[in-house]
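Undergrad: A structural model of the following input is requested.
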Amino acid sequence: MALIKRSELPAALQEGSPLLTAQVFLFFGERFLCKEAADLVQEKLLAMGHGAVHAIDGDREDAGRTLSRLMSYSLLPGRQLFRVSDSRIFHSKTVVEEIWTKAVQAFQGGNSGPARNHLVSMVQAVGLKIEGPTPLSEIPPPEWQKIFAFAKPSESLDWADQMLGEGGDQVKVAGANLADRYIETFEKGIPAQNILLLTAETVDKRQKLFTYLKKHCSVVDCSVAVGSGAAAQTEQKEVLREMMQKTLTDFHKKIEPRAVEMFFERVGFHPVAVVMETEKLVHSIGDRAGITANDVEEMVGRNREDALFELTDALGKRQADRTLTILSHLLEQGIHELAILATLRNYLRKQLIFRSLQMRTFPVWRSGMNARDFQNTYLPALKAEDDWGELLQGHPYALFMSFTKAAEYSCSGLKRWLAMLLDAEFRLKGSPLPSRLVIEELLVAMLKGSAKLPGRRDFVV
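TA: Numbers count the residues shown, from 1 in each chain. Just a heads-up that it's a prediction; the model follows:
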């Protein structure tokens, strides 16, 4: 068999295609796109005759039982599709840091379920045996680095310990090598009527099982380029346009070009949100054939994560009108003022740390440093110092842009902003003033004042 792109899947599923004779399918990449691709294959396979689908949640899967069922002959007629969603068998140490990042993002977004699932995946990927009430927080930094292959976060891990403690049987790790067991099963041959559909958001492409599936089974790549570069943004928009157009076609609706750009600016790269928001627009216009920009303005709210990022971006660029407009949108969507303050605090704290690092005598930060020198020389030297390791993770260019922005500020100005933010937080919690007025006054005061570098050099205090 072979590895194909998601965009190639419809053509590959035409009648008589060898793809339809496969018994094992893997869909990896963006979660929603994997689901859609698996739905398409499932629909095609069931359309070729009778059958049944056995849904298996990868977060709670007993892999041994799945393999046992896959090798058994069913008394039911037709094809038996065993569909494992969010499979963990492709996780390894090389993707653990990525899984940890997703767990932190889910926790900070208030999504405890996904956060717990990512933590369990991280633990299982390295084969860690969980014992005691605080398994992660008690691991010494050197041991953490050895186990997980990335630096131990400096912040409290109590939240992660608590979530793992609530994970129950999910946290238990089987001793046998699952990849070898799967390969052994496939090589023995599974009953002709049994078909396995696996979806996985994160895979290690160097893993033996992935290599085996790519060679002998059907693998569908549903991944999408990440980042803010032009190429990545173009690919992301193409995927979103495809999702939107497919949904509009199903409902026999159209949308004006100006409304499309406004829609994407508000929703961001979230395929599932694009489908849901498009359906909401379709139902909101009733019998009308087309969706207008006014419809988008009225019905589509900004994505919380993207809008919060926009707020810090506007503040950093000292765009008063844009800052207050974004704040108004956030409050209209019901995002709490304290959540907005937390986002601002994290942004200012990171800028203060980066500015302080630039004040060091080594490595030397130079005004006008380019991205290549930053990535090849400055960043490795900073990481070698082993300070603030968790803040120096991520894409080098994104870090370069953050450091470039930090260079525009003074440490004293950033600390003054943090003090103003703390005062606003006290007033939000204990003042009779309207919350909106407090946070608007804070942003106006920050924009009116200055955290920019004066004509002389600013020193760390």
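
Undergrad: residue 186 contacts residue 216, doesn't it?
TA: Yes. With contacts counted by C-beta atoms under 8 Å, residue 186 reaches residue 216, the gap being 6.9 Å. C-betas here are computed from N, CA, C, even on glycine.

Undergrad: for the two, indicate the residue with more neighbours.
TA: residue 186 (19 against 14; other C-beta atoms under 10 Å).

Undergrad: OK, contacts around that one?
TA: 24, 212, 216, 217 (C-beta atoms under 8 Å, 6 or more residues apart in numbering).

Undergrad: what's the spacing between the first one and residue 435?
TA: Translated: residue 24. Distance from residue 24 to residue 435, counting by C-beta to C-beta, to the nearest Å: 55 Å.

Undergrad: who has more neighbours out of the two?
TA: residue 24 (22 against 17).

Undergrad: any idea what that one is bridged to?
TA: residue 196 (DSSP bridges).

Undergrad: which residues touch it?
TA: Residue 24 neighbours (C-beta under 8 Å, 6+ apart): 186, 195, 196, 198, 213, 216, 217, 218.

Undergrad: quick one: pLDDT of it?
TA: On pLDDT, residue 24 comes in at 94.

Undergrad: could you do residue 166 as well?
TA: 65.

Undergrad: how about residue 306?
TA: Looking at residue 306, the pLDDT reads 57.

Undergrad: follow-up on the earlier one: just put the contacts of residue 24 in a markdown table and tack on distance to residue 147.
TA: Formatted as a markdown table, these follow (distance: C-beta to C-beta, whole Å):
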| residue | distance to residue 147 |
| --- | --- |
| 186 | 30 |
| 195 | 36 |
| 196 | 31 |
| 198 | 26 |
| 213 | 27 |
| 216 | 32 |
| 217 | 31 |
| 218 | 34 |
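
Undergrad: show me where the stretch 351-461 of the chain has helices.
TA: Secondary structure of the stretch 351-461 of the chain (DSSP state H, counting those that start in this stretch): helices located at 371-373, 379-384, 396-406, 411-430, 435-448.

Undergrad: kindly report the same for the stretch 101-250 of the chain.
TA: Using DSSP H, counting those that start in this stretch, helices in the stretch 101-250 of the chain cover 112-125, 141-148, 158-165, 178-188, 208-216, 230-250.

Undergrad: how about residues contacting the longest one?
TA: It refers to helix 230-250. With C-beta under 8 Å, 6+ apart, helix 230-250 has contacts from 30, 33, 224-226, 254-255, 260, 263-264, 267, 269, 271, 274-275, 278-279, 282, 291.

Undergrad: report the separation between residue 189 and residue 216.
TA: 11 Å.

Undergrad: same check, this time on residue 44
TA: Taken as C-beta to C-beta, the span from residue 44 to residue 216 is 20 Å.

Undergrad: just name the closest of the contacts of residue 24 to residue 423, please.
TA: Nearest to residue 423 among the contacts of residue 24 is residue 198, at 52.9 Å by C-beta to C-beta.

Undergrad: kind regards, and thank you for your time.
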